[in-house]
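A.B. asks: all I have is the shape, not the residue letters:
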């Protein structure tokens, strides 16, 4: 008769996970015995009855050649994965640069719209524009002044003319 095994020893000897052994104990298929130190011990005969004979490790020369063939397959597979990842990386870089270009274009468009929609004030008009604006006001005032118009209509027309003039800029 074999000696009893701990759950860890039984899992290694029979090549079965410890959780599988604990589940078998919970279902009542295995009955553990408690050792003097309180550790659950399992009878190897119960393990053989439930899981079959213990697995034996066999190492042969043929398995080494199989391992090298598997290694070659593994290396080939890993190289393919690396190549795919490189392609993915290149694609993502292109996407990022495209998004950046689009962002820059939209930013320029927004700045352009903001400049065209913002009416010019006295602060934004340059000194040269101010001098030419003064001359234009004089000319506009001379054109607006006619003997048939009342003094109330003249400022309105001048204001309309100047607002249109400023909007054109």
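C.D. replies: On my side now, so go ahead. It should be emphasised that the depicted structure is a prediction, and the values quoted were computed from it without experimental measurement. Numbers count the residues shown, from 1 in each chain.
A.B. asks: all strands of the protein, in order?
C.D. replies: 5-6, 33-34, 40-42 (DSSP state E).
A.B. asks: could the ones you listed go into JSON lines alongside distance to residue 111?
C.D. replies: In this view, the C-beta of every residue, glycine as well, is placed from N, C-alpha and C. Formatted as JSON lines, these follow (distance: least, C-beta to C-beta, whole Å):
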{"stretch": "strand 5-6", "distance to residue 111": "75"}
{"stretch": "strand 33-34", "distance to residue 111": "81"}
{"stretch": "strand 40-42", "distance to residue 111": "75"}
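A.B. asks: and residue 117, what pLDDT?
C.D. replies: pLDDT for residue 117: 75.
A.B. asks: could you report the neighbour count for it?
C.D. replies: Residues near residue 117, counting by other C-beta atoms under 10 Å, number 7.
A.B. asks: do the same with residue 29
C.D. replies: 13.
A.B. asks: I'd say it and residue 51 touch.
C.D. replies: No: counting by C-beta atoms under 8 Å, residue 29 stays clear of residue 51, with 9.8 Å between them.
A.B. asks: once you drop chain neighbours, what's closest to residue 17?
C.D. replies: Nearest residue to residue 17, sequence neighbours excluded (C-beta to C-beta, 6 or more residues apart in numbering): residue 11, at 6.1 Å.
A.B. asks: against residue 4, how distant is the one you found?
C.D. replies: According to C-beta to C-beta, to the nearest Å, residue 11 and residue 4 sit 14 Å apart.
A.B. asks: again, but for residue 99
C.D. replies: From residue 99 across to residue 4, the span is 67 Å (C-beta to C-beta).
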